[in-house]
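Colleague: sequence first, then the predicted structure, then my questions.
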Amino acid sequence: MGWEYLFLGAIFVAFIYFMMIRPQKKRTDEQKAMMANLGPGARVLLSSGIIGTIQAMGDAQVVVELAPGTDVTVLKQVIVKVMKPEDEEFEYAEAAQPGIADTPYGTAAVPGGVLPDDLGDGTDNPALWRGDAMSSDVPDDPTATIAPDEPTVAKN
């Protein structure tokens, strides 16, 4: 009677191994192989869903370029996979294209390559004003402060 329980216990341990431990070990080995083959220039998918190009690699961190001039440093563990050309939905050109105009906000695609005259620096948009700058209404006295609007409380 005791050997049946021993046999069932062995089957249970084998089931756990083949259903949980072995697949996890396989995924870990695949992740290590992918990390060993990474290098600058590879397009990668991060765990946040962001796709970027590896610029530099360290022992624990990677510098990933998200857009021209926008680099972030991430841990190697956040790299989910190396993107293949067929995984890419969009194509990106490395060089500047005609019809692209440089703006104070970076490089933006502008129809016809002409910026509108009213682009401005934001001083004509009250939503972008700050109380301490960008306005001629700021007092000349540095000790003076601009009082914020008092919050209103609804009374019943």
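Modeller: Great, that's in hand. Numbering: from 1, shown residues only.

Colleague: secondary structure class of residue 35, three-state.
Modeller: When the structure is split into helix, strand and coil by DSSP: H, G, I helix; E, B strand; the rest coil, residue 35 lands in helix.

Colleague: that one against residue 78, yeah?
Modeller: No - between residue 35 and residue 78 no contact is recorded; they are 11.5 Å apart, counting by CB atoms under 8 Å. Glycine gets a C-beta too; all of them are placed from N, C-alpha and C.

Colleague: need the nearest residue in space to residue 51, chain neighbours excluded.
Modeller: For residue 51, ignoring the flanking residues on the chain, the nearest one in space by CB to CB, 6 or more residues apart in numbering is residue 45 at 5.5 Å.

Colleague: measure the one you found to residue 38 for me?
Modeller: Distance from residue 45 to residue 38, counting by CB to CB, to the nearest Å: 12 Å.

Colleague: joint contacts of these two?
Modeller: 79, 82 (CB atoms under 8 Å, 6 or more residues apart in numbering).

Colleague: from residue 31, how far out is residue 20?
Modeller: Between residue 20 and residue 31 the distance, using CB to CB, works out to 17 Å.

Colleague: which one's more surrounded, these two?
Modeller: Legend: neighbour count by other CB atoms under 10 Å for residue 20 and residue 31, higher for residue 31 (15 against 10).
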